[in-house]
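Colleague: only geometry, no sequence info:
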Ligand SMILES: CC(C)=CCC/C(C)=C(\C)COP(=O)(O)OP(=O)(O)O
């Protein structure tokens with residue numbers, strides 16, 4: 001069955017979505033394997049705004065009800081059976097390695113398997129989605145255990161030291177021989193480090209050396225962002241809006257988005273991934289995806305004991321506006337980023353390689369899957385418990 005026929009949410013919620021989809025999809029490319037991946041077809045171009053789409057099922061109305069409409073693609077497929085398989089295997093893995101011990105029911109309910117199914121519609125292979133899911137959950141756990149959840153032992157004073165050691169679980173440390181056993185013990189005696197190491201080892205089955213090096217870079221940058229947030233937390237300081245936005249580019253879903261080609265079974269050449277024009281488009285998309293998290297996680301963060309950092313809170317503090325107005329302004333920031341990504345990605349798709357075109361279409365698909373997941377995951381439902 002083709003991806004298109006499996007989609008329950010076949011179109012976008014805004015005028016240009018189909019046009020963007022068409023530009024990003026480009027002509028058929030026989031030299032790049034396309035495992036059933038296709039962006040929405042149908043009416044294209046300006047004047048197709050009547051083709052409005054409803055997103056896939058939203059399991060939890062709580063958070064979703066408080067977030068205004070976003071300029072965001074739809075999820076390109078909804079395959080609950082695939083999501084369930086990936087989620088079950090992800091939770092079994094977490095249990096086996098002792099990650100989120102005592103909280104696995106919440107991890108299961110958060111349904112990160114569904115996030116992977118929604119965000120990576122160009123593969124049907126559960127094991128590829130599982131590899132990506134392990135990396136994502138390990139990165140989330142780094143945040144929960146070390147940065148922002150005191151009930152999981154996070155403490156600002158420990159953060160830098162913990163992140164420094166955790167990085168060796170992703171990009172192995174190579175100490176002189178006599179220190180190697182101590183490093184090895186450290187890799188094994190903490191569930192976050194075990195998860196990072198195991199997740200990236202799994203992904204290495206599908207990623208080549210250049211893709212792995214790219215991911216190491218993105219994780220290192222993510223950890224810089226975690227450190228930045230820790231610094232605000234320990235100072236009790238609310239960042240400026242510009243500072244927060246720059247932060248959300250690095251403390252972002254980019255490490256997940258950067259796996260798009262490895263998960264899809266092809267490789268974007270390093271020179272194209274590193275091209276500043278591509279980087280600009282992709283980082284704008286990942287910042288936007290992370291602002292979606294800010295909008296949907298506000299209710300969860302209000303319930304938390306620790307200081308909350310999200311764009312509406314930062315805007316309300318700096319611009320002295322009401323929470324509702326701050327949400328509206330955050331949505332406008334999000335929408336501008338997505339629109340800019342769409343325009344620039346469409347232009348890059350016209351001149352770049354087939355792999356670049358597929359990658360940018362994959363990033364676009366990731367945005368849609370991400371929003372659909374956030375709107376339905378009990379992790380962000382106002383009245384439900386979260387993983388943290
Ligand atoms: C999966 C991944 C790369 C996560 C890194 C960044 C991250 C933890 C988020 C984007 C989520 O931010 P936040 O700390 O607000 O997370 P929750 O709202 O607690 O899910």
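Modeller: Okay, I see it. Predicted model only: the values in this text are computed from it and were never measured.

Colleague: In this structure, where is pLDDT below threshold?
Modeller: 1-65, 301-306, 382-388 (pLDDT under 70).

Colleague: So which bits of it are right by the ligand?
Modeller: Within the chain, the positions near the ligand by Cβ under 6 Å from any ligand atom are 136, 139-140, 143, 148, 222, 251-253, 255-256, 290, 293, 297, 388. (Each C-beta comes from the backbone N, C-alpha and C, glycine too.)

Colleague: which non-adjacent residue is nearest the residue of the stretch 251-388 of the chain found nearest the ligand?
Modeller: Nearest residue of the stretch 251-388 of the chain to the ligand, counting by Cβ to the nearest ligand atom: residue 297, 3.3 Å away. Spatial nearest neighbour of residue 297, excluding adjacent residues (Cβ to Cβ, 6 or more residues apart in numbering): residue 380 at 5.3 Å.

Colleague: Would you confirm that the one you found contacts residue 292?
Modeller: No - using Cβ atoms under 8 Å, residue 380 is not in contact with residue 292, being 10.0 Å away.

Colleague: hey, what's in contact with both of those two?
Modeller: residue 374 (Cβ atoms under 8 Å, 6 or more residues apart in numbering).

Colleague: Is residue 370 in contact with residue 115, as I believe?
Modeller: Yes - with contact defined as Cβ under 8 Å, residue 370 reaches residue 115; the gap is 7.2 Å.

Colleague: okay, these two: which has more neighbours?
Modeller: residue 115 (30 against 27; other Cβ atoms under 10 Å).

Colleague: Provide a list of residues in contact with that one.
Modeller: Going by Cβ under 8 Å, 6+ apart, residue 115 touches 133, 136, 369, 370, 373, 377.

Colleague: and what of residue 82?
Modeller: Contacts of residue 82 by Cβ under 8 Å, 6+ apart are 117, 124, 126, 129.

Colleague: Tell me the secondary structure of the residue nearest to residue 171 when sequence neighbours are not counted, please.
Modeller: Spatial nearest neighbour of residue 171, excluding adjacent residues (Cβ to Cβ, 6+ apart): residue 216 at 4.3 Å. Put simply, residue 216 is helix when judged by DSSP: H, G, I helix; E, B strand; the rest coil.

Colleague: burial count for residue 216?
Modeller: Residues near residue 216, counting by other Cβ under 10 Å, number 16.

Colleague: Can you give me the buried ones in the longest helix along the chain?
Modeller: Taking DSSP state H as the criterion, the chain has its longest helix at helix 323-351. Across helix 323-351, burial judged by 16 or more other Cβ atoms under 10 Å covers 326-327, 329-331, 333-335, 337-339, 341-342, 344-346, 348-349.

Colleague: ok, then the element right after it?
Modeller: Next helix or strand after helix 323-351 toward the C-terminus (DSSP states H and E): helix 354-376.

Colleague: That following helix to helix 323-351, inter-axis angle?
Modeller: Taking axes from the mean of the first three to the mean of the last three Cα atoms, to 10 degrees, helix 354-376 and helix 323-351 form an angle of 160 degrees between their directions.

Colleague: quick one, what contacts residue 113?
Modeller: With Cβ under 8 Å, 6+ apart, residue 113 has these contacts: 83, 84, 85, 86, 87, 88, 89, 90, 129, 130, 133.

Colleague: does it sit in a helix or strand, and which one?
Modeller: Residue 113 belongs to helix 112-119, assigned by DSSP H and E.

Colleague: next structured bit after that helix?
Modeller: helix 126-142.

Colleague: Give the buried residues for that following helix.
Modeller: 126, 128-142.

Colleague: on contacts alone, who are the packing partners of it?
Modeller: helix 80-97, helix 112-119, helix 191-203, helix 209-235, helix 254-257, helix 260-264 (3 or more Cβ pairs under 8 Å, 6 or more residues apart in numbering; DSSP states H and E).

Colleague: would a markdown table of those with distance to residue 70 be doable?
Modeller: Output for these, formatted as a markdown table (distance: least, Cβ to Cβ, whole Å):
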| stretch | distance to residue 70 |
| --- | --- |
| helix 80-97 | 22 |
| helix 112-119 | 15 |
| helix 191-203 | 29 |
| helix 209-235 | 22 |
| helix 254-257 | 17 |
| helix 260-264 | 20 |
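
Colleague: Tell me which of those sits most buried.
Modeller: helix 112-119 (a mean of 28; mean count of other Cβ atoms under 10 Å).

Colleague: now the angle from it to helix 354-376?
Modeller: Using the same axes, to 10 degrees: helix 112-119 against helix 354-376 is 130 degrees.

Colleague: quick one, helix 112-119 and helix 126-142 angle?
Modeller: Using the same axes, to 10 degrees: helix 112-119 against helix 126-142 is 120 degrees.

Colleague: returning to what we had before: wait, which of the buried residues of helix 126-142 is closest to residue 320?
Modeller: residue 140 (32.7 Å; Cβ to Cβ).

Colleague: Tell me which residues touch the residue most central in space within the chain, please.
Modeller: In the chain, the residue lying closest to the centroid (Cα atoms, centre = their mean) is residue 253, at 3.5 Å. Each residue near residue 253 by Cβ under 8 Å, 6+ apart is listed here: 286, 289, 290, 293, 366, 370.

Colleague: what's the burial count for the fourth one?
Modeller: Neighbour count for residue 293, taken as other Cβ under 10 Å: 20.

Colleague: my read: it touches residue 373, true?
Modeller: No - using Cβ under 8 Å, residue 293 is not in contact with residue 373; the gap is 10.0 Å.

Colleague: Any buried residues in the particular helix or strand that has residue 161 in it, and which?
Modeller: Assessed by DSSP H and E, residue 161 sits inside helix 156-170. Buried residues in helix 156-170, defined by neighbour count with 16+ other Cβ under 10 Å: 156, 159, 162, 163, 165, 166, 167, 168, 169, 170.

Colleague: Past it, which element shows up next along the chain?
Modeller: In N-to-C order, the element after helix 156-170 by DSSP H and E is helix 180-188.
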